[in-house]
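J.: what's the 3D shape of this:
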Amino acid sequence: MVERDGGVRPQSVILTFLGDHVYGRRSCVFSGSFIEAFGRVGISEEATRSTLTRMVRRGLLRRQRAGRRMYFGLTPTSAEVLKDGERRIWHTGVVNDAAGDRWTLVGFSLPESWQRQRHELRSRLIWAGFGPLQNGLWIAPGEVDAPGLIDDLGGVKVFSAEPRHPTDMQALVADAYDLAGLGRRYEGFLRRWDRPDPVPAAPDDLARSLLLLTEWLQIIRTDPRLPLRHLPPDWPAEKAQRLCHALHQRFKPEAAAIADELLDTVPDLCWAEP
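T.: Next up is the predicted model:
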């Protein structure tokens, strides 16, 4: 057993496992394979089973029976989540060194009685990299597909703009985003993983790989990829990203071999392709 670094949740570990070892295979995975894999990172059988059940209820997994065994496959929702995670880890990256300085602005004025809609809108905006500029006005770097976030809400306006003098963009970014908190998350990642023998209590590289990528995804999904020129000096994101990629390559051979050995799968009869 190994303590899960960074406070990772069982659902997050399951999605990491599916993304790194199952996504693209068009397979459903036996519940016992999940139990064996996650026991390596300190997740109990009971916690694994209850998490799988909750994910089915939430539309993130679906059940497929084969004989007396229960297997779990992806849904369109979870396939899209895994596709987004793959893009964020391996393609988008955490460094935004774009030459332009263009921003997407979203303004809204929703009635006070629409508390649920206001909360939902704020959650969507944060997920998409927006930060609050002032009351009812949010800002995100680059060109964001805002209509995809707000098509079902009225009273929302979207603009694209560039800063002009005397706007102090470094101060504006510091006000709109929790840079100190994000920086601490990257620094914590470096403290835990930038060592010759990270997570020494882990039984093998599959466990280390699961913990590594799960924690990394939890961090970068809160990173709006702000322009590097508006961030504090020595911003730790790029160093943390290089470390994550290097460690994943180091853990990959053993992790893949162990995963292949413990995976009991059947063909997915309802493959979800996002």
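
J.: which regions of the chain sit below the pLDDT cut-off?
T.: 1-7, 111, 147-155, 271-274 (pLDDT under 70).

J.: And the strands in the stretch 101-250 of the chain, which stretches?
T.: 103-108, 131-134, 137-141, 156-161 (DSSP state E, counting those that start in this stretch).

J.: quick one, which of those strands is packed in tightest?
T.: Across the strands of the stretch 101-250 of the chain, averaging neighbours per residue (mean count of other C-beta atoms under 10 Å) puts strand 137-141 on top, at a mean of 21. Using the backbone N, CA and C atoms, a C-beta is placed for each residue, glycine as well.

J.: Now do that one and strand 103-108, the angle between them.
T.: Relative orientation of strand 137-141 versus strand 103-108 (axes from the mean of the first three to the mean of the last three C-alpha atoms, to 10 degrees): 160 degrees.

J.: Adjacent strands (with direction) for strand 137-141?
T.: strand 103-108 (antiparallel), strand 131-134 (antiparallel) (DSSP bridges).

J.: Need the residues that contact the first one.
T.: Right, strand 103-108. Residues from elsewhere that reach strand 103-108 (C-beta atoms under 8 Å, 6 or more residues apart in numbering): 121, 125, 130, 133, 136-144, 146, 149-150, 153, 155-163.

J.: Please tell me how far Arg225 sits from Arg118.
T.: According to C-beta to C-beta, to the nearest Å, Arg225 and Arg118 sit 25 Å apart.

J.: before we move on, what about Ala202?
T.: According to C-beta to C-beta, Ala202 and Arg118 sit 42 Å apart.

J.: And the two? Which one has more around it.
T.: Ala202 (23 against 16; other C-beta atoms under 10 Å).

J.: right, so of the strands of the stretch 101-250 of the chain, which gets closest to Leu61?
T.: Leu61 sits nearest to strand 137-141 of all these, at 30.7 Å, using C-beta to C-beta.

J.: Quick one: distance of the closest one to the chain centre.
T.: 20 Å (C-alpha atoms, centre = their mean, to the nearest Å).

J.: pull the CA atoms of that strand into PDB?
T.: Extracted C-alpha coordinates of strand 137-141, given in PDB (Å, rounded to 0.1, in the frame of the first residue of the first chain):
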ATOM      1  CA  LEU A 137     -17.100  40.400 -16.300                       C
ATOM      2  CA  TRP A 138     -14.700  37.500 -16.800                       C
ATOM      3  CA  ILE A 139     -11.500  37.200 -18.900                       C
ATOM      4  CA  ALA A 140      -9.500  34.400 -20.500                       C
ATOM      5  CA  PRO A 141      -6.400  34.400 -22.600                       C
END
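
J.: For it, which outside residues touch it?
T.: So strand 137-141 is contacted by 96, 98, 102-107, 125, 128-133, 172, 176, 224-227 (C-beta under 8 Å, 6+ apart).

J.: 7 Å - rerun?
T.: 96, 103-107, 125, 128-133, 176, 224-227 (C-beta atoms under 7 Å, 6 or more residues apart in numbering).

J.: end-to-end on stretch 125-145?
T.: Chord length of stretch 125-145, first to last residue, is 11 Å (C-alpha to C-alpha, to the nearest Å).

J.: let me fix that: stretch 195-212
T.: Rule used - C-alpha to C-alpha; the end-to-end distance of stretch 195-212 is 13 Å.

J.: Over to stretch 169-183?
T.: End-to-end distance (C-alpha to C-alpha), stretch 169-183: 18 Å.
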